[in-house]
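Undergrad: my questions are about this predicted structure, shown below with the sequence.
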Amino acid sequence: MIARLLSHDLPRNRWLAAALLLIVVGLAVAPFAFPGSKALGVAAKMLVFILLVASYDLLLGYTGIVSFAHTMFFGLGAYGVAIASTQMGAGWPAVALGLAAALAVSLALALVIGLFSLRVKAIFFAMITLAVAAAFQTLASQLSDFTGGEDGLTFKNPEWLSPAFEYGRLLSYYLLFVAVLVLFLLLLRIVNSPFGRVLQAIRENDFRAEAIGFRTVVYRTLSNVLSAGFACIAGALLALWLRYTGPDTTLSFEVMLDILLIVVIGGMGTMYGAVVGAVLFVFAQNYLQDGLKLAAGALDGVPVLSALLTPDRWLLWLGVLFVLSVYHFPTGVVGRLRALRQKAAR
Amino acid sequence: MKLGAFDWRPLILLVGLMLLALPLVGAPSTWLTLTVAGLAMGLIVFVIASGLTLVFGLMDVLNFGHGVFIAMGAFVATSVMGGMGAWVASPSLLLNLGAIFAAMLAAMAVAGGIGWAFERVIVRPVYGQHLKQILITMGGMIVGEEVIKVIWGPLQIPLPLPEALRGSFVFGDTAIEKYRVLAVIIGLLVFGALLWTLNRTKVGLLVRAGVQDREMVESLGYRIRRLFVGVFVTGSALAGLGGVMWGLYQQSVTPQIGAQVNVLIFIVIIIGGLGSTLGCFVGALLVGLMANYTGFLAPKVALFSNIGLMVAVLLWRPQGLYPVTNR
């Protein structure tokens, strides 16, 4: 039963399985186990990032394409819901229409970008997506009548999810939880399907994959379109949770870097890496900074060290970790754990 | 380039763009101002991007961390010019230029040094693996940006122009900012020096040969890796120089400057054809002119003019204006 749910792609390591179980249970009981709005906000952000990073893993980890436009699709979903809710008034029709429109735009855009630039080298695609994402970000801030510009949009949720309703926050949280769980299992199904195998073949050797008879352009483009769709839904979920959409939370380059960091540190091409990575990252982002503050306070007198350890510089250490993980364990935390088991079995 | 007919069409496109803008802008004096501004911006972008495209052409390494050298150069300039306050503030052009050149030299030295370390630590282990290269150089950029924030702080720092370079030359109705003239001169000098080195010296010959066919050069007994380190360091130093020029152009620097300019230079080298120096030059000028013309004619559109230009060029020549053979 569980094996079927996980598409027979089991964690394959006791510690990893335990960690995943802990994460799932922890997130499932978060509203009751960790009271307070900050803790719940962190848990919700973890959920959104799990989906967002998993969808990126489909592209980077499984297909071997680097895209810098993932936040664009994330932002499209978030803005779709936000714009529809402000223009049409709060309600389920607005959410549905906004999400549908955002999905349509995302898929079409991903298709065009893919067909346009995936024919050539991976590097070319990376550059094109970087440029397109930058252009989209300026577009969003320029159309301020529509998108709220730099300030973003604050809007009302459908009644059931609004904080005015007694269980509104709880319902919103569980909506996120269920949606992310289902979509993650779907992603797991996709990467373990024959289609997913072809993607991995393309990642390993695109020339050979083409020679066997797979149209690599078609598969790469499909992978791009699929991952854009999932990112778009993740964006819509974030918007529903925050009741706010702005360039900083969705479109900024910082978010893109966060995604990259998570997917690499968690483990590329594993899907579970997205879960472990996103949870660790969001946790660190929200709580590790307090730890760094302590460390910096303890080293207050030392000139260089205290500057290096201020909470604002935590990205520095994450960047170093990122570089090291690309070299030394490209399969990330998850790959490391799995390798442990193989060594033990030998 | 001597072989076969020289491909004039991209240059005709460049001139065509200028001529097309004339009736659209209307007044010739305004047009001249815009054109000089566009050329200045284009040449600064060229200085920044030339190293990137050479490195790619020679070693098939695309450095997503190129922006770090730009930012580093700009920030070193703020320190140097801040330290030479008396020279900067004096009305004498000579002292002003002295301060700027000192800042540029320092920036080039620092950026070059960092480039050397960057190649050694970050890029060397991942030759031939594109995916890892993109990730790792991006990681290098994150770290570099944070280091800049540690040293200079996370806020925007003003980088004012020296006294004698403020204001404009006025000829009749035409006003041309003095600094832009200086930028054009420096840009053209760099372009000339690059062309001379690439076409008239032995090192340049080896670099060009390496871009064409790396294995052949190696089999003739030249250590292309050592050559490449040289090119990487030079490219980084040029990015540092470009960073100073860009910072003075904007009159302020932020730690995010590298990431911002990165987008621009990627567009330029895609337009020019990955690995081509001449293509990079023409592409940079096209981007600079386009940005200034559209900025005047339709400011809202200006932000997307570069993307539009890139799409148009790629539809015409999918490999860029001057495609490098064998790729």
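TA: Alright, I've got the coordinates.

Undergrad: check which helix or strand residue 96 maps to.
TA: Went with chain A since none was named. helix A:92-117 (DSSP states H and E).

Undergrad: please go with chain B instead
TA: In the assignment (DSSP H and E), B:Asn96 maps to helix B:93-118.

Undergrad: equivalent analysis for A:Met72, please.
TA: helix A:70-88.

Undergrad: nearest residue to the residue nearest to the spatial centre of chain B other than its sequence neighbours?
TA: The centroid of chain B falls nearest to B:Ile48 when counting by Cα atoms, centre = their mean (2.0 Å). The shortest distance from B:Ile48 to any non-neighbouring residue, by Cβ to Cβ, 6 or more residues apart in numbering or on different chains, is to B:Gly242 (3.3 Å). To be clear about C-beta, it is placed using only N, CA and C from the backbone, and glycine gets the same treatment.

Undergrad: equivalent analysis for B:Arg208, please.
TA: Using Cβ to Cβ, 6+ apart, the closest residue to B:Arg208 is B:Leu198 (5.9 Å).

Undergrad: do I have it right that the one you found meets B:Val207?
TA: Yes: judged on Cβ atoms under 8 Å, B:Leu198 makes contact with B:Val207 at a distance of 6.3 Å.

Undergrad: tell me which of the two has more neighbours.
TA: The neighbour comparison of B:Leu198 against B:Val207 (other Cβ atoms under 10 Å in any protein chain shown) goes to B:Val207, with 24 against 18.

Undergrad: which residues does that one contact?
TA: B:Leu54, B:Leu58, B:Leu198, B:Leu227, B:Val231 (Cβ atoms under 8 Å, 6 or more residues apart in numbering or on different chains).

Undergrad: show me the strands in chain B, by range?
TA: Secondary structure of chain B (DSSP state E): strands at B:157-158, B:168-171, B:174-177, B:252-253.

Undergrad: and residue 161, how many neighbours does it have?
TA: Unless you meant another one, I'm taking chain A. Other residues within reach of A:Leu161, judged by other Cβ under 10 Å, total 23.

Undergrad: oops, wrong one, chain B.
TA: Other residues near B:Leu161 come to 19 when the count uses other Cβ under 10 Å.

Undergrad: any idea how far B:Arg208 lies from B:Glu215?
TA: Shown here: B:Arg208 relative to B:Glu215, a distance of 15 Å by Cβ to Cβ, to the nearest Å.

Undergrad: repeat for A:Arg243
TA: Taken as Cβ to Cβ, the span from A:Arg243 to B:Glu215 is 59 Å.

Undergrad: who has more neighbours, those two?
TA: More crowded of A:Arg243 and B:Glu215, by other Cβ under 10 Å: A:Arg243, with 19 against 9.

Undergrad: what sits against the residue nearest the centre of chain A?
TA: Closest residue to the average C-alpha location of chain A: A:Leu52 at 2.1 Å, with Cα atoms, centre = their mean. For A:Leu52, the contact set (Cβ under 8 Å, 6+ apart) comprises A:His70, A:Phe74, A:Phe230, A:Ala231, A:Ala234, A:Gly235, A:Ile259, A:Ala278.

Undergrad: now do the SS call for the fourth one.
TA: Following DSSP: H, G, I helix; E, B strand; the rest coil, A:Ala231 is assigned to helix.

Undergrad: model confidence score at the residue nearest to it when sequence neighbours are not counted, please.
TA: Counting by Cβ to Cβ, 6+ apart, A:Phe73 is the residue found nearest to A:Ala231 once chain neighbours are left out, at 4.0 Å. The model reports A:Phe73 with a pLDDT of 96.

Undergrad: need the contact list for A:Phe73.
TA: A:Ser106, A:Leu109, A:Ala110, A:Ser227, A:Ala228, A:Gly229, A:Ala231, A:Cys232, A:Gly235.

Undergrad: give the buried subset of those residues as a PyMOL selection command.
TA: One line in PyMOL is enough to select the buried ones among the contacts of A:Phe73; burial here means 16 or more other Cβ atoms under 10 Å in any protein chain shown:
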select buried, chain A and resi 106+109+110+227+228+229+231+232+235
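
Undergrad: quick check, nearest of the contacts of A:Phe73 to chain B?
TA: A:Leu109 (12.9 Å; Cβ to the nearest Cβ).

Undergrad: surely that closest one meets A:Ala228?
TA: Yes: if you go by Cβ under 8 Å, A:Leu109 and A:Ala228 touch, sitting 7.2 Å apart.

Undergrad: all strands for the stretch 101-250 of chain A, in order.
TA: Shown for the stretch 101-250 of chain A, the strands assigned by DSSP state E, counting those that start in this stretch span residues A:153-154, A:244-245.

Undergrad: the helix or strand following the last one: how far from the chain's middle?
TA: Proceeding N to C from strand A:244-245, the next assigned helix or strand is helix A:253-266, under DSSP H and E. On the basis of Cα atoms, centre = their mean, to the nearest Å, helix A:253-266 sits 8 Å off its chain's mean C-alpha point.

Undergrad: just the buried positions in helix A:253-266, please.
TA: By 16+ other Cβ under 10 Å, the buried positions in helix A:253-266 come out as A:253, A:255-266.

Undergrad: any stretches of the chain with poor pLDDT?
TA: Chain wasn't specified; assuming chain A. Low-confidence regions of chain A, defined by pLDDT under 70, span residues A:120-121, A:296, A:299-307, A:309, A:341-346.

Undergrad: can you look at chain B instead?
TA: Scanning chain B for pLDDT under 70 picks out B:1-5, B:303, B:325-327.

Undergrad: ok, which residues in chain A are in contact with chain B?
TA: A:60, A:64, A:66, A:116, A:120-124, A:126-128, A:130-132, A:134-135, A:138-139, A:142, A:253, A:257, A:260-261, A:264, A:307-308, A:312-313, A:315-316, A:318-320, A:322-323, A:326-327, A:330 (Cβ under 8 Å from any Cβ of the partner chain).

Undergrad: restricted to buried residues, select those in PyMOL.
TA: To isolate the buried members of the residues of chain A next to chain B in PyMOL, using 16+ other Cβ under 10 Å:
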select buried, chain A and resi 60+64+66+116+120+122+123+124+126+127+128+130+131+132+134+135+138+139+142+253+257+260+261+264+307+308+312+313+315+316+318+319+322+323+326+330
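
Undergrad: any idea how far chain A is from B:His66?
TA: Remark: distance between B:His66 and chain A (Cβ to the nearest Cβ, to the nearest Å) = 12 Å.

Undergrad: what's the answer for B:Ala209, then?
TA: Plainly put, B:Ala209 is 22 Å away from chain A if you go by Cβ to the nearest Cβ.

Undergrad: same thing with B:Ile142?
TA: Relative to chain A, and taking Cβ to the nearest Cβ, B:Ile142 is found at 4 Å.

Undergrad: residues touching that residue, list them.
TA: By Cβ under 8 Å, 6+ apart, the neighbours of B:Ile142 are A:Leu257, A:Leu261, A:Leu315, A:Leu316, A:Leu318, A:Gly319, A:Phe322.

Undergrad: spit out the contact partners of the fifth one.
TA: Yep, that's A:Leu318 we're talking about. Here A:Leu318 is in contact with A:Leu261, A:Ile265, A:Ala284, B:Ile142 (Cβ under 8 Å, 6+ apart).

Undergrad: at 10 Å instead, please
TA: By Cβ atoms under 10 Å, 6 or more residues apart in numbering or on different chains, the contact set of A:Leu318 is A:257-258, A:261-262, A:265, A:281, A:284-285, A:288, B:139, B:142-143, B:146.

Undergrad: much appreciated, bye for now.
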